[in-house]
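> with the input below, show me the fold.
(one chain, ligands or ions: 1)
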Amino acid sequence: MTATTGPIRHDRYRYCPACGKTLETRRLRPQEPERLVCSGCTGVVYLDPRVVACVVLEIRGKILLMRRRRPDDTEIWLLPGGYVDEGEQVEHAAVREIWEEVRLRINLDGLVGVFSYCGWPPVIIVYSARLDSGDPQAGEETEDLDLFEPAHIPWDKLAFPSTRDALKSYLQGRTCQPRPLTVCMPAGLFP
Ligand SMILES: [Zn+2]
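All right, here's what the predicted structure looks like:
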């Protein structure tokens with residue numbers, strides 16, 4: 001999974017993709033989030049959620065976790081996965097990412113859940129897959145990978161809340177159960 005996740009930050013976007021003029025942050029409707037509005041053409045730039053596909057991959061009873069080749073997260077483990085490309089089927093992205101990151105061909109066998117968190121742009125869709133054989137190999141962007149017995153998951157060294165929640169759901173035998181089940185409800189949605 002990619003590590004470019006973080007709180008929503010409108011200030012990452014400065015120029016209108018249509019006309020090149022400066023973007024301004026404005027609240028167009030009282031109950032909606034602030035939007036990026038072009039100071040030239042008045043077009044609104046909507047920042048859509050980014051979709052990430054990950055896989056809990058079990059190989060001979062152990063779960064595959066990986067570390068990414070980046071200086072800032074060398075000690076944290078994450079599920080293999082990555083961003084879904086525009087127009088790409090989510091399941092295809094999951095299979096493709098597993099191939100790119102750990103060089104294994106998999107068939108998905110279930111949906112672990114859909115994970116999203118208040119104030120964070122990515123929506124993480126986690127599938128499951130099992131292999132009875134095959135040795136994962138680190139792909140180009142993978143620093144390290146390892147197989148963990150379920151009892152030895154490094155819970156205190158997981159990269160993201162979604163990594164933890166997806167593994168918990170998977171290990172508790174829950175599939176198709178979106179977590180967190182507590183809905184973060186914006187104020188003023190309902191009268
Ligand atoms: Zn514009």
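> mean confidence score for the lengthiest helix in the chain?
Ranked by number of residues, the top helix in the chain under DSSP state H is helix 90-102. What helix 90-102 shows for mean pLDDT is 92.
> what comes up buried for that helix?
Across helix 90-102, burial judged by 16 or more other CB atoms under 10 Å covers 90, 93, 94, 95, 96, 97, 98, 101, 102. Quick note: C-beta positions are derived from backbone N, CA and C, even for glycine.
> now do the helix or strand of the chain with the lowest mean pLDDT: which elements does it pack against?
Across the helices and strands of the chain, mean pLDDT, DSSP states H and E gives its lowest value to strand 142-148, namely a mean of 88. On a contact count with 3 or more CB pairs under 8 Å, 6 or more residues apart in numbering; DSSP states H and E, strand 142-148 meets strand 62-68, helix 90-102.
> distance to residue 170 for the ones you listed - can I get that in a markdown table?
Converted to a markdown table, the helices and strands packed on strand 142-148 look like this (distance: least, CB to CB, whole Å):
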| stretch | distance to residue 170 |
| --- | --- |
| strand 62-68 | 8 |
| helix 90-102 | 14 |
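> what's the closest of those to residue 134?
If you check each of the helices and strands packed on strand 142-148 against residue 134 by CB to CB, helix 90-102 wins as the nearest, at 9.3 Å.
> just want the angle from the helix or strand following the closest one to helix 90-102.
Going down the chain from helix 90-102, the next helix or strand is strand 110-115, by DSSP states H and E. Using axes from the mean of the first three to the mean of the last three CA atoms, to 10 degrees, the inter-axis angle of strand 110-115 relative to helix 90-102 is 90 degrees.
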